[in-house]
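**Student:** I'll drop the sequence and a predicted model, then ask my questions.
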Amino acid sequence: MGFSRAELERFRGGSLPDLLGPRTRLLFVGVNPGLSAVAWQAHFPGRTNRFYPALYRAGITDRLIDASSGFAPGDQEYLTERGVGITALVPKATARADELAPAELVEGAESLVETVRRVEPHVVAVLGITAFRIAFAMPKARVGRQPGEFAGAQLWVVPNPSGLNAHSSLADLAVAYREVAVAAGLELSTPAT
């Protein structure tokens, strides 16, 4: 059973804990949690969000995770054991990422430094070029590896998995996510088709 639009509004401004483990090698950084993510206390729960299908297709996971009604028992542990972590630039929930002010994104990038220093992933992969350009003050940045390091980690931009991102197909997401997983040194399975 899902939430009505009115029920979801109660979660506006709420937060979702980061998904981090002691062996995080690849840290995915979303823009901010959606209302349903906070309601279900699960990252990327939307049925139109392609994050977990892309992880599966990329071979990062060997099974498809369905977080549409929250994580199933063991899903979070499975991801952290695989070396995958998830956080957000801005911790507060909104219905859409474009509701955030540019200053919130910049502040989020500054705060991300602390998380990366503490967790020490090999790769930080920001999900979405538009938010990245604003948050990191790099208006001409392109998808892919960014120059230099970020708090000791490789910094990448990969396509946002939101169903609103019509520029990237599921296949495009899988290719980009596999590339960052290889850079992070994750053990991958054969990509699903």
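**Tutor:** Thanks, I have it. Numbering: from 1, shown residues only.
**Student:** hey, where'd the strands end up in this structure?
**Tutor:** Ranges of strands in the chain, per DSSP state E, are 26-30, 84-88, 123-127, 144-150, 153-158.
**Student:** In a markdown table: the ones you listed, plus distance to Ala103.
**Tutor:** Quick note: C-beta positions are derived from backbone N, CA and C, even for glycine. Below are those laid out as a markdown table (distance: least, CB to CB, whole Å):
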| stretch | distance to Ala103 |
| --- | --- |
| strand 26-30 | 18 |
| strand 84-88 | 16 |
| strand 123-127 | 17 |
| strand 144-150 | 20 |
| strand 153-158 | 20 |
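**Student:** Just send these back as TSV, with mean neighbour count, mean pLDDT and distance to Ala39 too.
**Tutor:** Formatted as TSV, the strands of the chain follow (neighbours: other CB atoms under 10 Å; pLDDT from 0 to 100; distance: least, CB to CB, whole Å):
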stretch	mean neighbour count	mean pLDDT	distance to Ala39
strand 26-30	27	98	16
strand 84-88	24	98	15
strand 123-127	26	98	20
strand 144-150	13	96	31
strand 153-158	23	98	26
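**Student:** closest one to Glu114 among the ones you listed?
**Tutor:** Smallest distance to Glu114 across these (CB to CB): 10.8 Å, for strand 84-88.
**Student:** Report all helices and strands that that closest one contacts.
**Tutor:** Judged by 3 or more CB pairs under 8 Å, 6 or more residues apart in numbering; DSSP states H and E, strand 84-88 is in contact with strand 26-30, helix 102-119.
**Student:** From Glu179, how far off is Thr87?
**Tutor:** 20 Å (CB to CB, to the nearest Å).
**Student:** Repeat that for Gly21.
**Tutor:** Taking CB to CB, one finds Gly21 at 22 Å from Glu179.
**Student:** what residue ranges in this protein score low on pLDDT?
**Tutor:** Scanning the chain for pLDDT under 70 picks out 1, 192-193.
**Student:** mind listing the helices for this protein?
**Tutor:** Assigned by DSSP state H, the helices in the chain fall at 5-9, 35-40, 51-58, 75-81, 102-119, 129-135, 170-184.
**Student:** With distance to Lys92 added, can I get the ones you listed in a markdown table?
**Tutor:** Listed next are the helices of the chain as a markdown table, based on distance: least, CB to CB, whole Å:
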| stretch | distance to Lys92 |
| --- | --- |
| helix 5-9 | 14 |
| helix 35-40 | 9 |
| helix 51-58 | 19 |
| helix 75-81 | 21 |
| helix 102-119 | 8 |
| helix 129-135 | 14 |
| helix 170-184 | 25 |
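**Student:** between those helices, which gets nearest to Gln146?
**Tutor:** The nearest among those, by CB to CB, is helix 129-135 at 8.4 Å.
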